[in-house]
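1. Predicted model follows, preceded by the sequence.
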Amino acid sequence: MKRIGILGSTGSIGTQTLELINNNDNFKVCYLSAYSNVELLINQAKKFNPDAVCIVKNSEFLRLKDGLKNFDIEILSGDTGIENLASRNNIDLLLNALVGYSGMVPTLKALESGVDVALANKESLVVGGSIIQKELSKNNAKLFPVDSEHSAIWQCLIGENKNEINKLILTGSGGPFRKLPLSQFNSITKEQALNHPNWDMGSKITIDSATMMNKGFEIIEAYWLFNLPIDKIKVIIHPQSIIHSMVEFIDGSIKAQLGTPNMTIPINFALNYPNRTFNDSYRFDFLKSKSLTFEEPDFKKFKCIKLAYDALKLGGSYPIVLNVVNDICVDAFLNDKISFIEIPNFIDEAMQNHNSTNLTNIESIFNTISETKKYIKDKLIL
């Protein structure tokens, strides 16, 4: 039996994970966490009877405690509660499905405890890639990517020689504005940006998909996961989202991982690795597919992709600035405080005004986060 913990159990990835392991005797859920959705967390805890649960929003602690008063479940709260759970070594796998750069510390804590991490929090590697990579070199703990693109590359590379890779090809749908002229980006509404053509996701990642910053984050994540030079990581637009990513080898051969655009496939693979288990929920039928098409990404329309490449090339603390400013600007856009097109413009300005620092420890990361938050909030007058 595989013992697992799930951080972010009430979000899209977390709920789909619990659906997969429901009535599966191969798993024991040891702990769960949520940011503020206390009612769903209570229901999940009653169903799966974990050893512990954590609600990040401290004001919901008493509601959680009261809701589980008849259950022998440890109740934690706040960021310290999350870090407490992530530091426990009595599980086999931690699924980190937290949203934003706050997920970096739990990833690091789990790896320090020797626990494998199924990583659905791409920001962990965007802000802390160098430190996480150092930790991975110290012990036997491993990262299992859950993002569909990185899961695809991981699956394509199994059994292959890294020295024979020519390039990684990350695919992206292009989001809802793939065909929209740049001249109309000024008038993009929140409702339009939240209407993704292929994927059903939370609001933050849906906006990241609309700006294509999600693809920018994935470039940085791929750099740290697969340890390849930046010029070997490419992006291609694939509107149907059937090919989730590809690997081209030095002999010209290309391997691709295909499937319907549904996250249960990469989640299931990460949960059960190195084995594959039966999953009959989502099947792709080639005979019903009209076509698979590909396009070059437009860096003028989707400036965030180029900004991510720039941040990675500049190195140091630039990816942190990229991430922090994006998070704050997406939130500002969702709250009608800035326009859609201002998101990449504020990120660009912040990067141009940033002086990089060497990231030697967690403190240096949080210093950069704090400085960047102050800079952008002053700019946005938040």
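-> Now that the structure is in, tell me what you want to look at.

2. going forward, measure contacts between C-alpha atoms and count neighbours the same way
-> Noted.

3. what helices or strands is the lengthiest helix in the chain leaning on?
-> Longest helix of the chain, by residue count under DSSP state H: helix 362-380. Contacts defined by 3 or more CA pairs under 8 Å, 6 or more residues apart in numbering; DSSP states H and E place helix 362-380 against helix 123-138, helix 318-334, helix 342-352.

4. Format those as CSV; extra columns: mean pLDDT and mean neighbour count.
-> Shown next, in CSV, are the helices and strands packed on helix 362-380 (pLDDT from 0 to 100; neighbours: other CA atoms under 10 Å):
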stretch, mean pLDDT, mean neighbour count
helix 123-138, 94, 20
helix 318-334, 96, 23
helix 342-352, 97, 19
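
5. among those helices, which is nearest residue 31?
-> With CA to CA as the measure, helix 123-138 is the member of the helices and strands packed on helix 362-380 nearest residue 31 (20.2 Å).

6. Now the element after the closest one, going C-ward?
-> Next in sequence after helix 123-138, counting helices and strands by DSSP states H and E, comes strand 143-145.

7. pull the CA atoms of the next helix or strand after that next one into PDB?
-> Using DSSP H and E, the helix or strand that follows strand 143-145 in sequence is helix 148-157. The C-alpha coordinates for helix 148-157 follow below in PDB (Å, rounded to 0.1, in the frame of the first residue of the first chain):
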ATOM      1  CA  SER A 148       0.700  17.100 -18.600                       C
ATOM      2  CA  GLU A 149       3.500  18.600 -20.700                       C
ATOM      3  CA  HIS A 150       6.300  17.500 -18.400                       C
ATOM      4  CA  SER A 151       4.700  14.100 -17.700                       C
ATOM      5  CA  ALA A 152       4.600  13.600 -21.500                       C
ATOM      6  CA  ILE A 153       8.400  14.400 -21.800                       C
ATOM      7  CA  TRP A 154       9.100  12.200 -18.700                       C
ATOM      8  CA  GLN A 155       7.200   9.300 -20.400                       C
ATOM      9  CA  CYS A 156       9.000   9.800 -23.700                       C
ATOM     10  CA  LEU A 157      12.400   9.800 -22.000                       C
END
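
8. quick check: angle from the next helix or strand after helix 148-157 to helix 148-157?
-> Helices and strands here follow DSSP H and E; after helix 148-157, the next one along the chain is strand 165-172. Put simply, strand 165-172 runs at 150 degrees to helix 148-157, going by axes from the mean of the first three to the mean of the last three CA atoms, to 10 degrees.

9. in the longest helix of the chain, what's buried?
-> 365, 368, 369, 372, 373, 375, 376 (16 or more other CA atoms under 10 Å).

10. Need these in CSV (columns: pLDDT and distance to residue 325).
-> Converted to CSV, the buried residues of helix 362-380 look like this (pLDDT from 0 to 100; distance: CA to CA, whole Å):
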residue, pLDDT, distance to residue 325
365, 95, 14
368, 96, 11
369, 95, 9
372, 96, 7
373, 95, 7
375, 94, 9
376, 94, 6
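
11. Pick out the most distant pair among those residues.
-> Maximum pairwise distance in these, criterion CA to CA, is 16.6 Å, between 365 and 376.

12. Show me which of the buried residues of helix 362-380 is closest to residue 56.
-> When these are compared against residue 56 (criterion: CA to CA), the nearest one is residue 369, at 19.5 Å.

13. so what's the closest one up against?
-> By CA atoms under 8 Å, 6 or more residues apart in numbering, the contact set of residue 369 is 320, 321, 324.

14. I'd guessed the first one sits against residue 370; true?
-> No - proximity of residue 320 to residue 370 does not meet the contact threshold set by CA atoms under 8 Å, at 10.4 Å.

15. excluding its backbone neighbours, what's nearest residue 109?
-> In space, and not counting its chain neighbours, residue 109 is closest to residue 87: 5.1 Å by CA to CA, 6 or more residues apart in numbering.

16. what do you get for residue 275?
-> Nearest to residue 275 is residue 269, by CA to CA, 6+ apart, at 7.6 Å.

17. ditto for residue 10
-> residue 34 (5.8 Å).

18. Report how many residues lie close to the one you found.
-> 27 (other CA atoms under 10 Å).

19. swap in residue 171?
-> Around residue 171 there are 25 residues (other CA under 10 Å).

20. Equivalent analysis for residue 235, please.
-> Residue 235, neighbours per other CA under 10 Å, totals 19.

21. Kindly indicate whether it is helix, strand or coil.
-> At residue 235, secondary structure determined by DSSP: H, G, I helix; E, B strand; the rest coil is strand.

22. try residue 184
-> Relying on three-state DSSP, one would call residue 184 helix.

23. what's the neighbour count on it?
-> For residue 184, the count of nearby residues is 10 (other CA under 10 Å).

24. Same check on the one 4 residues further on?
-> Using other CA under 10 Å as the criterion, residue 188 is surrounded by 14 other residues.

25. Can you give me every residue that contacts the closest residue to it other than its chain neighbours?
-> Spatially, and ignoring its direct neighbours in sequence, residue 188 is nearest to residue 340 (6.2 Å; CA to CA, 6+ apart). Counting by CA under 8 Å, 6+ apart, residue 340 touches 185, 186, 188, 189, 190, 333.
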